[in-house]
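Next come a sequence and a model predicted from it.
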Amino acid sequence: MQIEIDDPSRADVYALLEEHLRNMHELSPPESVHALDVSRLKVPDITFWTVRDGEQLLGCGALKQLSSDHGEIKSMRTPLALRRRGAGRAVLNHILSVAKQRGYTRLSLETGPAASFGAAHTLYKSAGFMECGPFGDYKLDPYSVFMTLDLTNEAA
């Protein structure tokens, strides 16, 4: 697997992000969908990566800078047909590494409730994330679960 900074408007990536947005709108009301479209992923405070096996897209993820010491994981997605191959864990580990290199002391994320996002919860908890309250501009929402990881307690 290769992980590299990529263009979210690349055709196969765009299709995966559109699948992601459609799925989020199937699971949550519009006001509770916090997934970013391609244009919102192409801003200076977000770094976007893909994970590939050769030319085959296995997944993606992004890191948004919230402050000089706090980052947010965004747009973690693997295609439904290609799940359970380790791509999600690989891109999560890459994001964790970059966050530490940037000097972040905290990394947070917003995901959906366990009923629909159980695999995501398992992945994030296995990396040390714990549930927390809303951060940044988020508000309490029954369709959101907020998680955070204290990077000062993590090995570099």
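Perfect, thanks for sending it. Numbering: from 1, shown residues only.

in the protein, which strand has the most residues?
Determined from DSSP state E, the single longest strand within the chain is strand 56-67.

Tell me what angle the helix or strand that it is followed by forms with strand 56-67.
Past strand 56-67, further along toward the C-terminus, the next helix or strand under DSSP states H and E is strand 70-77. Orientation check (axes from the mean of the first three to the mean of the last three CA atoms, to 10 degrees): strand 70-77 against strand 56-67 gives 160 degrees.

Report the buried residues of the longest strand of the chain.
Buried residues in strand 56-67, counted by 16 or more other CB atoms under 10 Å: 57, 58, 59, 60, 61, 62, 63, 64, 65, 66. (Glycine included, C-beta is placed from N, CA and C.)

strand partners of that strand, parallel vs antiparallel please.
strand 46-53 (antiparallel), strand 70-77 (antiparallel) (DSSP bridges).

Could I get the full set of helices for this protein?
Along the chain, counting by DSSP state H, helices occupy 11-27, 38-41, 87-101, 114-126.

any idea of the angle the worst-scoring helix or strand of the chain on mean pLDDT forms with strand 70-77?
Lowest on mean pLDDT, DSSP states H and E among the helices and strands of the chain sits helix 114-126, with a mean of 84. Counting by the same axes, to 10 degrees, helix 114-126 lies at 120 degrees to strand 70-77.
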